[in-house]
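>>> please work out how this folds:
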Amino acid sequence: MSISLAILIGYAIVLSLLSWKATQIQKKGSGGKVLNYLLAGQKLPTALVAVMLTGLAVGGASTVGVAEQAYNVGVSAGWYNGAWGTGGIVVGLILAAKYRRMSHRTVPEMMGAAFGSSARLIGVIAQLLIMMTITSLQYVAGGAILASMLPDIFTMNTGMLASAIVFISITLTGGYWASGLTNVVNVIVIYIGVFAALVSGFEGFGGLEAVVQALPANGTWFDPIDGIGVAIFAGWMAVMTTMACTTQAVVQISLAAKDEKTARNGFIIGGILTLPAGFLCALFGIMAAAKFPGLSNPALALPTIAANISPLVGGIFLAGLWAADVSTAVGLLMGCSTLLIQDVWKRMVTRTFSPNTELLFSRLTVFLVSACSLGLAMTVVGILKTITSALAITTSFTLLILANLYAPHLCKKSAGFWTILASLIVWGLWTYVPSSRIGPHLIYLEWIVCLIVFGLTYVLDSRPAAALLPPEIPKPAPETAVSFD
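Down below sits the predicted model:
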């Protein structure tokens, strides 16, 4: 057995033990079986909130995907994760505590409470589209990693299947507690693996200076912005901040926190932990461009580097890369399960569930979403391009929730349905009708169209939307003691 395979098996065993431990925590929880499974009984401490966000952010797109783009444009590709981390910090500052105050469990449920049942229904469709696309990318990245580093054992397809089995097993067994506990290990393994592989890689290729000299001339390899350009940089910032505000898998982390302060602090810390990952992984793309020019598939840039370092470091790095996929996929699968149970099954089939039946259906939906996402993964090309396109759909949700919380007088009853529908139409046209593309990135067109549609509903609809949060009651001023001396 190779060292890399032995390390990977050991890592999988550790995750399995943590998942089993999570089932014990679930049984002791006081929130009920389903709340404990889907939201960890709303008892996650600050540290677990932080690693849940970091684990969700640092996935296949943040490692394999960033290195894939850095192979062509340089270190500026790392702004994908820089933007993700910025988005997490923004949510911590303005939204995480407010989400925790709400009684709702899903973003579409919020849409329904504020804008009616039609907004809730189309919200479910949009959120599932977003998260299943991202989940499929974790399978693509997992397959690429395993096939490149263990080619005698895995092909691309069997690597994706093996990744899917691990993702599903952890999620089915331990639910949201398993996601939190495994992400503690995942985040540690990710950063240890990345740092160890960078040191080993540069040493093996003769040092940083040798790598720089081998790079194609006149490139933007170490320019912080020029490689992707200002427009794409700004677009990523807009996409990732927009996404972090209202994607179900992200919002669910704040809902699982034990209180408002925990949600806020956990998001800020998680955002900070996320910031450097992309820039570190971009260095692997640069290294590959110097030493392995002409790769037929740039997505193999990072796995190719990993396959050419010492077996021990390569095994640790393999575990770290796979940890990134596990951490993201598990959180996404839990988000999809929550959506299907809360917003589809309970509304369209039956509202009365026994706790055991609801828990069973929660686990069945995890399996169903995994199977569909695995099928979608077979068609994905270009990790970052695909993921940022799908995430732009969250523009409508972010606009609606921010307006409802901070300018509720602007929100009308029909705004939810029509704004979300407009965002889906814009995404569909951009994806399938290339001649409709205006601007350097979909996110710009999404914001323009969604703002126009939202404004039209304000003018044409007289029915006010319901407020997601009641107005805060000012605290009474402390009484001042009166002296009669």
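>>> pull the number of nearby residues for I425.
12 (other Cβ atoms under 10 Å). C-beta: built from backbone N, CA, C; applies to glycine.
>>> dump the helix or strand where it lies to PDB, keeping only the CA atoms.
For I425, the host element (DSSP states H and E) is helix 415-432. Only the C-alpha atoms of helix 415-432 are listed here, as PDB (Å, rounded to 0.1, in the frame of the first residue of the first chain):
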ATOM      1  CA  ALA A 415     -41.300  41.600  -5.200                       C
ATOM      2  CA  GLY A 416     -40.200  38.200  -4.000                       C
ATOM      3  CA  PHE A 417     -41.500  36.100  -6.900                       C
ATOM      4  CA  TRP A 418     -40.700  38.500  -9.700                       C
ATOM      5  CA  THR A 419     -37.200  39.500  -8.500                       C
ATOM      6  CA  ILE A 420     -36.200  35.800  -8.100                       C
ATOM      7  CA  LEU A 421     -37.800  34.900 -11.400                       C
ATOM      8  CA  ALA A 422     -35.900  37.700 -13.100                       C
ATOM      9  CA  SER A 423     -32.600  36.500 -11.700                       C
ATOM     10  CA  LEU A 424     -33.200  32.900 -13.000                       C
ATOM     11  CA  ILE A 425     -34.100  34.200 -16.400                       C
ATOM     12  CA  VAL A 426     -31.000  36.400 -16.600                       C
ATOM     13  CA  TRP A 427     -28.800  33.400 -15.500                       C
ATOM     14  CA  GLY A 428     -30.500  31.100 -18.100                       C
ATOM     15  CA  LEU A 429     -30.000  33.600 -21.000                       C
ATOM     16  CA  TRP A 430     -26.400  34.200 -20.000                       C
ATOM     17  CA  THR A 431     -25.700  30.500 -19.800                       C
ATOM     18  CA  TYR A 432     -27.500  29.300 -22.900                       C
END
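>>> buried residues of it, list them for me.
Neighbour-count burial for helix 415-432, with 16 or more other Cβ atoms under 10 Å as criterion, is recorded at 415-423, 426-427, 429-430.
>>> which one among these gets closest to W221?
Lowest distance from W221 to the buried residues of helix 415-432 (Cβ to Cβ) belongs to W430, with 29.9 Å.
>>> retrieve the pLDDT associated with the closest one.
W430 carries a pLDDT value of 89.
>>> which ones are touching it?
Neighbouring residues of W430 by Cβ atoms under 8 Å, 6 or more residues apart in numbering: 389, 436-437, 442, 445.
>>> run through who's touching the helix or strand just after the helix holding I425.
Where DSSP H and E defines the elements, the next helix or strand beyond helix 415-432 is helix 442-460. Outside helix 442-460, the residues that touch it by Cβ under 8 Å, 6+ apart are 235, 238-239, 242, 388-389, 392-393, 395-396, 399-400, 403, 410-412, 414-415, 418-419, 422-423, 426-427, 430, 437-439.
>>> buried ones among these?
Among the contacts of helix 442-460, those classed as buried by 16+ other Cβ under 10 Å are 235, 238-239, 242, 388-389, 392-393, 395-396, 399-400, 403, 411-412, 414-415, 418-419, 422-423, 426-427, 430.
>>> show me where the protein has strands.
For the chain, applying DSSP state E gives no strands.
>>> state the distance from the residue nearest to L321 when sequence neighbours are not counted to L56.
Closest residue to L321 apart from its sequence neighbours, by Cβ to Cβ, 6 or more residues apart in numbering: I145 at 4.8 Å. For I145, the distance to L56 (Cβ to Cβ, to the nearest Å) stands at 18 Å.
>>> next: F417.
Taken as Cβ to Cβ, the span from F417 to L56 is 28 Å.
>>> the nearest residue to G271 once chain neighbours are set aside: neighbour count?
Sequence neighbours aside, G88 is the residue nearest to G271 in space, at 3.1 Å (criterion: Cβ to Cβ, 6+ apart). Residues lying near G88 (other Cβ under 10 Å) number 31.
>>> quick one: G88 from A40, how far?
G88 is 19 Å from A40, by Cβ to Cβ.
>>> with L318 instead?
With Cβ to Cβ as the criterion, L318 and A40 are 29 Å apart.
>>> of the two, who's got more company?
Neighbours were counted for L318 and for A40 using other Cβ under 10 Å; A40 has more, 32 against 27.
>>> what sits against the closest residue to that one other than its chain neighbours?
Spatially, and ignoring its direct neighbours in sequence, A40 is nearest to Y176 (4.1 Å; Cβ to Cβ, 6+ apart). For Y176, the contacting residues are 36-40, 44, 252, 256, 334, by Cβ under 8 Å, 6+ apart.
>>> JSON lines for these, including distance to L300 and pLDDT?
Listed next are those as JSON lines, based on distance: Cβ to Cβ, whole Å; pLDDT from 0 to 100:
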{"residue": "N36", "distance to L300": "41", "pLDDT": "77"}
{"residue": "Y37", "distance to L300": "37", "pLDDT": "76"}
{"residue": "L38", "distance to L300": "36", "pLDDT": "76"}
{"residue": "L39", "distance to L300": "38", "pLDDT": "81"}
{"residue": "A40", "distance to L300": "37", "pLDDT": "78"}
{"residue": "L44", "distance to L300": "36", "pLDDT": "91"}
{"residue": "Q252", "distance to L300": "33", "pLDDT": "90"}
{"residue": "A256", "distance to L300": "36", "pLDDT": "91"}
{"residue": "M334", "distance to L300": "30", "pLDDT": "82"}
